[in-house]
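> this is a predicted model, with the sequence first.
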Amino acid sequence: MSKKKIIEVLGNVEVKKAFFKEYDYIIFKDDKKYFVKVIRVNSSSILTINSKTMWEIKYGKHSGISFKTSSNVFVDLKKFSLLENKIIIFKEKPYKLLKYVNESELVDISENKKINDITIFNNINDLEI
């Protein structure tokens, strides 16, 4: 994903790339700042929201209703969650997007566009502000 692609999709906006920050881009539009974080998931990954600030990405293979995990990565969104106008863009749409309701119950929220005050887009082409 690049700054050029964001401008191409959104049109008349200013975009700045962030280095060593909790976000990847800042989009300026109509006197508002939007903080964008890109999470690299693909169609063979499951993203699980453990809490408001801790997300887990499981990479692996799915066959039927089962999923075999080959590796997993935790994403800490503690500092990112303190920002306003937060946007997360996935590199590709994940196989599933799950959220813990309590310690033992998971819910499939793959079709949700807003989670914990964060707007979610499945790829850069879906981005709209």
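On my side now, so go ahead.
> tell me the confidence at V13?
Predicted confidence (pLDDT) at V13: the value is 93.
> so how far is I6 from the nearest residue to it once chain neighbours are set aside?
Spatial nearest neighbour of V13, excluding adjacent residues (CB to CB, 6 or more residues apart in numbering): K29 at 4.6 Å. Every residue, glycine included, has its C-beta placed from N, CA and C. Between K29 and I6 the distance is 11 Å, computed by CB to CB, to the nearest Å.
> out of the two, which sits in the more crowded spot?
In this comparison of K29 against I6, neighbours counted by other CB atoms under 10 Å, the higher total goes to I6 at 18 against 15.
> what is the neighbour count of the residue nearest to I89 when sequence neighbours are not counted?
Leaving out its chain neighbours, the residue that sits closest to I89 by CB to CB, 6+ apart is F121, at 4.8 Å. Neighbouring residues of F121 were enumerated by other CB under 10 Å; the total is 17.
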